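>>> Could you look at this predicted model? Sequence included:
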Amino acid sequence: QQQVKQSPQSLIVQKGGISIINCAYENTAFDYFPWYQQFPGKGPALLIAIRPDVSEKKEGRFTISFNKSAKQFSLHIMDSQPGDSATYFCAASKDTDKLIFGTGTRLQVFP
Amino acid sequence: DSGVTQTPKHLITATGQRVTLRCSPRSGDLSVYWYQQSLDQGLQFLIQYYNGEERAKGNILERFSAQQFPDLHSELNLSSLELGDSALYFCASSPGDRRGGANVLTFGAGSRLTVL
């Protein structure tokens, strides 16, 4: 019940395309759903986050879609760029608890 | 620079040895978290401290221990090291309470441990 399942494990997208990464959770008490971006040799950095009172949040080319009834949320990267090539982690937490991370998606954007 | 400082950046040691990883949280953050990232693995939660007290424990081995000091820096001690302990160890910090972003984690750059 504490798990967050993430797919796909890896993703190859052409420059200008849309990258979509999906996550699912079981614990309905989770109330915070962030996405982290990690470049090789660096620590993960917060990209965008959503709380369950909204169904969508957009920041620039990055959008989180949240489906509370399905217990799923996804990250959409519009107009994907080679600089977006990184590993993306979804996560979830309840209240002030620790973040539970998904297994990560390695995104490669080719020119 | 995220504001979370981890030392050392790289560490190579032998099996059976003991190492200490150090973390200074972002200014103002009271919570410190330790995560382990093995090759091609996700981020496995080890332990969380809030203002000096242990708040949550994850899949942390008995050979590992941690503490948070009064100045809020934290240390992760890894002993009787095994080859499988080779990994990236990340420290993260957060405000840790309900001050608008309790669980917004800021990660350090990590400490890469290699056990030979």
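Noted; the coordinates are in hand. All figures in this text were calculated on a predicted structure; none of them were measured in a lab.
>>> which residues sit in contact with whichever residue of chain A sits closest to chain B?
Chain B sits closest to A:Gly43 of chain A, with a gap of 3.5 Å, by Cβ to the nearest Cβ. C-betas here are computed from N, CA, C, even on glycine. By Cβ atoms under 8 Å, 6 or more residues apart in numbering or on different chains, the contact list for A:Gly43 reads B:2, B:4, B:90, B:92, B:107-110.
>>> B:Asn59 too?
Contacts of B:Asn59 (Cβ under 8 Å, 6+ apart): B:44-46.
>>> and it, what are its phi and psi?
phi -80, psi 60 (degrees, to the nearest 10).
>>> Quick check: it vs chain A, distance?
11 Å (Cβ to the nearest Cβ, to the nearest Å).
>>> Next: B:Leu30.
Distance from B:Leu30 to chain A, by Cβ to the nearest Cβ: 10 Å.
>>> Just give the strands next to the helix or strand bottoming out on mean pLDDT in chain A in its sheet, each with its orientation.
Sorting the helices and strands of chain A by mean pLDDT, DSSP states H and E puts strand A:100-101 at the bottom, at a mean of 92. Strand A:100-101 pairs in its sheet with strand A:86-92 (antiparallel), by DSSP bridges.
>>> While we're on the closest residue to chain A within chain B, how confident is the model there?
Sorted by distance to chain A under Cβ to the nearest Cβ, the residues of chain B start with B:Phe107, at 3.5 Å. If you check B:Phe107, the pLDDT there is 96.
>>> Skip the chain neighbours and tell me the closest residue to it.
In this structure, B:Phe107 finds its nearest non-sequential neighbour in A:Gly43, 3.5 Å apart by Cβ to Cβ, 6 or more residues apart in numbering or on different chains.
>>> helix or strand for that neighbour, which one?
Here A:Gly43, judged by DSSP states H and E, is contained in no helix and no strand.
>>> these two touch, right, B:His10 and B:Arg112?
Yes - using Cβ atoms under 8 Å, B:His10 is in contact with B:Arg112, at 5.0 Å.
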